[in-house]
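S.K.: sequence plus the predicted model coming up.
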Amino acid sequence: MTTFVRLQGIGHVRVHQHRPVKGQVKTISVKRKGHRWYVVLSCADVPTEHLSSTGAAVGIDLGVASLVTTSDGTQVANPRHLAAMADRLATAQRDLAGRTQGSMRRRKAVARISHLHAKVRRQRVDDAHKTALALVRGYDVIVHEDLKIANMTRSASGTIEAPGTGVSQKSGLNRSILDAGWGVLLTILAHKAESAGRELIAVNPANTSRTCSRCGHCAKENRTTQAEFRCATCGHEAHADVNAAINILRAGLALRNAAEAA
């Protein structure tokens, strides 16, 4: 919907309003990202829109092969937006390397790279909104791992005195984790859950992928491959991410029950 915003010292500016304004507007800020301008409204007393109860609870396991795997077996594919844009970014960066410092063509090359990265960010946020919306519409209680993403994506290069090992492999994993956008998804999920009246629970991720969801045996040998889980004690076989999501759900429900009992 096209409307107008009056900015002091500028006058009325036409903007594309992508959603109705709710609550009382407190502040208006104007931001520029690349060639795009954004008008950001901060509102108070925004009415919540709680969804009707579904009576269902779910545990979700975040990954790289699949972005989200739920405890009931549903998998959401990882779109890998940055990887899909890699060739175009590489071409743009080679073009930038051949430009003269301070020239107009160099500025255009820098703007081109910025535009491609901005497109990747918008795609990632859009997918996160869609995934989070599906979760809050389908479940009353959503349990996820309390992931320390900054720690997980630290460089493995080490120091000159103590150089790291497997640096290239760790670098590739870090890139894949950041491309998946776990932090973006969890932030958006938290906002949507609060608005919809859903309960979001974060649990300790330790050993959720190594523990058998049937007998509780925990050992690294249980995870035979990235996708396969086979318990060394009871022989239970399952998709590794589904098994982890079931453990995450149980841990979250245990925390919930303990809190209610207290």
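M.R.: Received it, and whenever you're ready, just let me know what you need. Residues are numbered from 1 along each chain as shown.
S.K.: from the chain's centroid, how far away is the strand or helix carrying residue 14?
M.R.: For residue 14, the element it lies in under DSSP states H and E is strand 11-16. Centre-to-centre, strand 11-16 and its host chain are 32 Å apart (CA atoms, centre = their mean, to the nearest Å).
S.K.: next SSE downstream of that strand?
M.R.: Immediately after strand 11-16, counting by DSSP H and E, sits strand 24-33.
S.K.: contacts for that next one, please.
M.R.: Strand 24-33 is contacted by residues 5, 7, 37, 38, 39, 40, 41, 42, 43, 44, 45, 118 when judged by CB atoms under 8 Å, 6 or more residues apart in numbering. Quick note: C-beta positions are derived from backbone N, CA and C, even for glycine.
S.K.: so can I have JSON lines of those showing distance to residue 248, neighbour count and secondary structure?
M.R.: Converted to JSON lines, these look like this (distance: CB to CB, whole Å; neighbours: other CB atoms under 10 Å; DSSP: H, G, I helix; E, B strand; the rest coil):
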{"residue": "5", "distance to residue 248": "44", "neighbour count": "15", "secondary structure": "strand"}
{"residue": "7", "distance to residue 248": "47", "neighbour count": "12", "secondary structure": "strand"}
{"residue": "37", "distance to residue 248": "41", "neighbour count": "11", "secondary structure": "strand"}
{"residue": "38", "distance to residue 248": "36", "neighbour count": "10", "secondary structure": "strand"}
{"residue": "39", "distance to residue 248": "39", "neighbour count": "14", "secondary structure": "strand"}
{"residue": "40", "distance to residue 248": "34", "neighbour count": "9", "secondary structure": "strand"}
{"residue": "41", "distance to residue 248": "36", "neighbour count": "14", "secondary structure": "strand"}
{"residue": "42", "distance to residue 248": "34", "neighbour count": "11", "secondary structure": "strand"}
{"residue": "43", "distance to residue 248": "34", "neighbour count": "12", "secondary structure": "strand"}
{"residue": "44", "distance to residue 248": "35", "neighbour count": "9", "secondary structure": "strand"}
{"residue": "45", "distance to residue 248": "35", "neighbour count": "8", "secondary structure": "coil"}
{"residue": "118", "distance to residue 248": "33", "neighbour count": "14", "secondary structure": "helix"}
